[in-house]
Structure formats: C-alpha cells, structure tokens
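Q: what's the 3D shape of this:
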Amino acid sequence: MGAADILTVLGAYLLGSVPFGLVLTRAAGLGDVRRIGSGNIGATNVLRTGHKGLALATLVLDGAKGAVAILAARVLAPEAALVAGFAAFLGHLYPLWLGFRGGKGVATFLGVMLAAAWPVGLACALTWLAVAALFRISSLAALVAALLGPLYAWIWAGPAMVALASLLALFILLRHRANIERLIKGTEPKIGGGA
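A: Residues are numbered from 1 along each chain as shown. Here you go, the predicted model:
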C-alpha cells in the first residue's frame, strides 16, 4: 500500500470512530446513552431514550460512515476502497475517541455493503427489515443479515466482496455474543422495549 492508501484507510478509521449516537443524545440534552439500556452507542439503544428521530439519525449517520469511507476511497485510493470500508467498520467497533469501546457495527456494515456493492447492501438491508418486522428483535435481524451477506456477495459480487462480507459478519457475530445467549434463552428484548 502506498502513502495515499494508508492515509485513506486511516481517515476511514477515524471517520468510523465518530460516535454519532453519543454525540446526538448529548447534544439533545439526554446525557450519555451508554448509561441507559444496553449501554451501546448504536441506534437501537438510542431508541430506548424514546426519541425516534435521534435513533433514525444515528442509524443513518452510522451507516453513512461506512458508505462515505468506501466512496471517498474510490476517488482517493481506489485499490484500498474495500479496506477503507473495513477500517470505518472497525472504527465504529473500536473508536479511538471512546477508549476503543464502541458499537456493534450493524448500521456501518449496511453502509459499507451498500456503497461497495449496492445489490448486496440492498439485500442485507431488506433482510434486516424483514426479520425485524417479523420478530421485532434487532439483534436477530442483524445476525441474519450479516450471515447472509457473504451469500449475497457470492451471488452479486466478486471474491473480494465475499471476503469483506465474511469478515464483517464474523465481527458482528463476536459483538453479539451476549445477544445470542439471550436469544437462545428467549430473553432478548424486542425493538422499542427495555434493555
């Protein structure tokens, strides 16, 4: 990788590190979102504040981090575009600004997929929406969408996208270990419910 590639990937990581859920809830006078619900900085936990608009804004901005990283890299360092998307995703999971303790990466995953190969991203987003509508459990929707991501990439994109989707899915699975345990026990909260 050349200097442009390295700087682009580093910039993508720093962009991914911006904790929009925390920034928005603090700006709205709601305090630290990490002190409520699941303690997560993502849209699902922001929704637990009762502010749907802030949750939607968090979802869009967290997704935009991944998309912007890919799109900017295509201009600045095209060969590093997928790596930049992965860096933004890692930035969300392990943000520099929060002592490397961040979110679970679902919205950023969707943003990366949409910008990298829109049919794959659209399929993942529709999968999330379908599972969430059917079961009303955000984590289950995230897990199903992430696990199907590599399959969608195999159908509509090339090997590089399959590798990226597989890597992101692995991290999402690891970040959802506690959720998986609660899903097995039947105690995972539903969308709009308590922690």
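
Q: What about residue 73, how many residues nearby?
A: Counted with other C-beta atoms under 10 Å, residues neighbouring residue 73 total 27. Just so you know, the C-beta spots here come from the backbone N, C-alpha and C atoms, and that holds for glycine as well.

Q: Leaving out chain neighbours, which residue sits closest to it?
A: Nearest in space to residue 73, with sequence neighbours left out and distances taken as C-beta to C-beta, 6 or more residues apart in numbering, is residue 84 at 3.7 Å.

Q: residues in contact with stretch 67-80?
A: Here stretch 67-80 makes contact (C-beta atoms under 8 Å, 6 or more residues apart in numbering) with 1-2, 4-5, 7-9, 11-12, 15-16, 81-85, 87-88, 111-112, 114-116.

Q: In contact with the residue nearest to residue 73, which residues?
A: 8, 9, 11, 12, 69, 70, 72, 73, 77.

Q: one more time with 6 Å
A: 8, 9, 12, 69, 73 (C-beta atoms under 6 Å, 6 or more residues apart in numbering).

Q: In helices, which of these appear?
A: Residues of the contacts of residue 84 located in helices (DSSP state H): 8, 9, 12, 69, 73.

Q: Please name the residues that touch the second one.
A: It refers to residue 9. Taking C-beta under 6 Å, 6+ apart as the definition, contacts of residue 9 comprise 80, 83, 84, 87.

Q: any idea how far stretch 10-17 is from the chain center?
A: Distance of stretch 10-17 from the chain centroid (C-alpha atoms, centre = their mean, to the nearest Å) equals 13 Å.

Q: same thing with stretch 129-142?
A: 15 Å.

Q: now do the same end-to-end measure for that stretch.
A: 9 Å (C-alpha to C-alpha, to the nearest Å).

Q: Can you give me the buried ones in it?
A: 131, 132, 135, 137, 138, 139, 140, 141, 142 (16 or more other C-beta atoms under 10 Å).

Q: Now residue 129, what are its backbone angles?
A: phi -60, psi -40 (degrees, to the nearest 10).

Q: which strands and helices sit next to the helix or strand of the chain with the lowest mean pLDDT?
A: Scoring the helices and strands of the chain by mean pLDDT, DSSP states H and E places helix 43-47 at the bottom, with a mean of 85. For helix 43-47, the packing partners by 3 or more C-beta pairs under 6 Å, 6 or more residues apart in numbering; DSSP states H and E come out as helix 52-76.
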